[in-house]
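# Coordinates only, no sequence provided:
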């Protein structure tokens with residue numbers, strides 16, 4: 001990406017905006033889940049200090065549906081994230097409605113936008129690594 005500084009600058013700005021628009025704790029959980037689902041090892045190694053995520057919660061992320069460590073809002077956002085990553089076109093309406101009920105409709109819209117930025121950044125990084133051997 002260093003070869004395309006304008007693109008990198010725009011992606012960085014969108015990524016930074018995502019972290020101030022959405023609860024960073026929830027976004028970090030979702031970022032880590034996306035990274036895990038996509039096999040993005042370099043992304044899993046990154047720590048976002050503004051998220052204030054405990055090591056215990058981080059290590060329990062793969063068991064989020066059954067873990068008492070996760071709130072209903074976190075579980076709803078993680079369920080949304082998994083469906084979003086697997087096939088955004090098949091996202092269940094009730095999954096989105098649950099996030100909207102728990103966070104609010106504007107927060108749902110903000111969450112979807114932030115999730116898109118985070119997910120695409122991870123996918124771009126993986127593609128760049130595969131094609132050019134560079135990590136971003």
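Looks like it arrived, so ask away. In this text, all values refer to a predicted model and were calculated from it rather than measured experimentally.

# Give the buried residues for the lengthiest helix in the chain.
The residue-count maximum for a helix in the chain (DSSP state H) belongs to helix 105-132. Buried residues in helix 105-132, defined by neighbour count with 16 or more other C-beta atoms under 10 Å: 107-108, 110-112, 114-115, 117-119, 121-122, 125-126. In this view, the C-beta of every residue, glycine as well, is placed from N, C-alpha and C.

# That helix - what's its average pLDDT?
Helix 105-132 shows a mean pLDDT of 92.

# Stretch 69-84 too?
pLDDT averaged over stretch 69-84 gives 97.

# If we go by neighbour counts, what in that stretch is buried?
Neighbour counts over stretch 69-84 (16+ other C-beta under 10 Å) mark 70, 73, 74, 75, 76, 77, 78, 79, 80, 81, 82, 84 as buried.

# Now do it: everything it contacts.
Contact partners of stretch 69-84, identified using C-beta atoms under 8 Å, 6 or more residues apart in numbering, comprise 25-26, 29-30, 33-34, 37, 56-57, 60, 64-65, 90-92, 95-96, 98-99, 102-103, 111-112, 115, 119.
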